[in-house]
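> Need coordinates for the below:
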Amino acid sequence: MTVKAVTELSEHMRRVTFHAPELASFALTGPDEYFGLLVANGRDLVMPADDRINVRSSLRAMPEETRPDLRWYTIRAHRPETAEIDVDFVVHGDAGPGTRWARRAVAGDQAGFRAGGSAYRPPSSGAVLLAADETALPALSAILETETRPVQVFVEVPDESYRTDLDAEWVFRGSAEPGAALLKAIQDKALSTVDYGWACGESGLATGVRRHLVKDRGVDRKAIMFSGYWKVGSARM
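You can find the predicted model right below:
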């Protein structure tokens, strides 16, 4: 893919628009469509020569000096008529290769795309609860654009500067462990029956929300989609 444009959405969010001819025929499978972004910070991009289903295996087979970095991101918008996608990056310094690349991206830069999938599969009716941190805001925003029913939305971010105009119950992490403030907000809320839950963000946040919904609110564990986008103190490829 080639970077077509870069837009500063906020102090902490940067939108990168990509173009590639293959994106004209690409089909989304759900609102929280994710993909593997391959970037080579400071080097020429070399894509894996093989096409194994497991992209991580393809990368491990490459020499370290040419191996690109892989991180997973949400497709925020797809325009097949112009063969473009928008990807919103939460930028937080040089904490990882994805944010390091996104902070410096300019028109003309190259990046690789590896197909992923989607995970949001709510029932056709019933009450939905959505929980996210700042890393899951792009996926959450895309989901809310497709939802027509009332939903309960909880978002935890580091501080007020990360807040967007999403209609949600916002809580601020401060110096606490990721997920602690969000979990308390959900526990303290008098919710109606939850028929489907979606919890994404830091690993402890996602698993904590799922555990609470199953053990304390009796939600069927099969009716909860949860994913740890990142984990405190660990790198994730």
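
> Output the lowest mean pLDDT helix or strand found in the protein.
Within the chain, no helix or strand scores below helix 55-60, which has a mean of 89 by mean pLDDT, DSSP states H and E.

> The next helix or strand after that one: partners in the sheet, and parallel or antiparallel?
Past helix 55-60, further along toward the C-terminus, the next helix or strand under DSSP states H and E is strand 69-74. Strand pairing for strand 69-74, determined by DSSP bridges: strand 34-39 (antiparallel).

> ok but W230 is inside a strand, no?
Yes. Applying DSSP: H, G, I helix; E, B strand; the rest coil, one finds W230 inside a strand.

> which residues sit in contact with it?
T135, G201, E202, S203, R236 (CB atoms under 8 Å, 6 or more residues apart in numbering). Where you see a C-beta, it was placed from the backbone N, CA and C, and this is true even at glycine.

> mind checking how far it is from S161?
Applying CB to CB, to the nearest Å, the value for W230 to S161 is 19 Å.

> Surely D86 touches I75?
Yes. Counting by CB atoms under 8 Å, D86 touches I75, with 7.5 Å between them.

> quick one: which of those two has more around it?
Set side by side, D86 and I75 show more neighbours around I75, with 24 against 18, by other CB atoms under 10 Å.

> What does the pLDDT read for the residue of the chain positioned farthest from its centre?
Within the chain, the residue lying farthest from the chain centre (CA atoms, centre = their mean) is P63, at 28.4 Å. P63 carries a pLDDT value of 93.
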